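**Student:** take a look and give me a structure for this.
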Amino acid sequence: MSIRIEPTRLSESLVGREFAYLVTAGSERSHVVALRCAIVGDRVTMTGAGRSALANVASNHRVTLVWAPTEADVENRKYSIIADGSAIVDGDVVAITVTNAVFHRPAP
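**Tutor:** Sure thing, here's the model as predicted:
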């Protein structure tokens, strides 16, 4: 089950979540890296992604972000947050415009 999150309100849902997994796709395989991020509106920025993630984003702008459930006492804390977006590379920064985001609960 998924509950939609308005992309411009994503930051309100991230209380207690320290980092996101950035999932990128290369020509041969996917690449996942855990990074801290800054969020303003529907825009997420991340630094420290490394060569593989930066190269993947440069060749394929579609990315996925995943935040794990949190122990913080907030609404929907047991749900992961999954967001899709369009990314660009600016130096060592990956900037993502989120196009879709959901709370996603684990299977029973």
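
**Student:** any idea which element residue 24 lies in?
**Tutor:** Residue 24 is part of strand 20-25 when elements are defined by DSSP states H and E.

**Student:** mind giving me the packing neighbours of the helix or strand just after that strand?
**Tutor:** Following strand 20-25 in sequence order, the next helix or strand is strand 30-35 (DSSP H and E). Helices and strands touching strand 30-35, as assessed by 3 or more C-beta pairs under 8 Å, 6 or more residues apart in numbering; DSSP states H and E, comprise strand 20-25, helix 51-59. For the C-beta atoms, the positions are set from N, CA and C on the backbone; glycine is no exception.

**Student:** okay, now the sheet partners of strand 30-35, with direction.
**Tutor:** Taking DSSP bridges as the criterion, strand 30-35 pairs within the sheet with strand 20-25 (antiparallel).

**Student:** what's the partner strand in contact with?
**Tutor:** 30-37, 44, 46, 49, 52-53, 56-57, 60, 62-68, 87, 94 (C-beta atoms under 8 Å, 6 or more residues apart in numbering).

**Student:** ok, stretch 56-76 next?
**Tutor:** Applying C-beta under 8 Å, 6+ apart, the contact partners of stretch 56-76 are 3, 13-17, 19-27, 31, 37, 44, 49, 77-89, 94, 96, 98, 103.

**Student:** and with 6 Å instead?
**Tutor:** By C-beta atoms under 6 Å, 6 or more residues apart in numbering, the residues outside stretch 56-76 that reach it are 15-17, 20-21, 23-26, 31, 77-78, 80-87, 89, 94, 96, 103.

**Student:** could you do stretch 89-108 as well?
**Tutor:** In contact with stretch 89-108 (C-beta under 6 Å, 6+ apart) are residues 1-5, 7, 10, 42-47, 49, 54, 57-58, 63, 76, 79-88.
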